[in-house]
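**Q** Take a look and give me a structure for this.
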Amino acid sequence: MAKNPEAQKQDAKMWSAYGLALNLGFMIVTPILVFGGGGVLLDKYLNSFPIFIFVGFILSMVAALGIVYVKTKDIVIMGKPPKKK
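**A** Now for the predicted structure:
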């Protein structure tokens, strides 16, 4: 049974929102794993327990916030109507 076009648009918007949420989740988790894991490895290698874990955590937060900011800015720009000349 075919859905009407309005229901298809709603479904497309819903799946787009799910995709965005999943994408943002990966964008936040990836820097935490990379910088946090790097900090743990550096601390083990250099035998300097908490220093690089904290540095990695701070770098991961800055990177994650920067990525989310850029992605949000792109989404807002895409949602605006084009400027008239």
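**Q** quick one, longest helix in the protein?
**A** helix 5-46 (DSSP state H).
**Q** what is the mean pLDDT for that helix?
**A** Average pLDDT, helix 5-46: 88.
**Q** and the following helix or strand past it, which residues are buried?
**A** Using DSSP states H and E, the helix or strand that follows helix 5-46 in sequence is helix 51-79. Within helix 51-79, the residues that count as buried by 16 or more other CB atoms under 10 Å are Phe52, Ile53, Gly56, Leu59, Ser60, Ala63, Ala64, Ile67. The C-beta positions use only the backbone N, C-alpha and C, and glycine is treated the same way.
**Q** Pretty sure the fourth one sits against Gly37.
**A** Which is Leu59. No. With contacts counted by CB atoms under 8 Å, Leu59 stays clear of Gly37, the gap being 11.7 Å.
**Q** sorry, back to before: the longest helix of the chain versus helix 51-79: what angle between them?
**A** 160 degrees (axes from the mean of the first three to the mean of the last three CA atoms, to 10 degrees).
**Q** what pLDDT does Met1 get?
**A** 53.
**Q** Actually, Leu59.
**A** Per the predicted model, pLDDT is 96 at Leu59.
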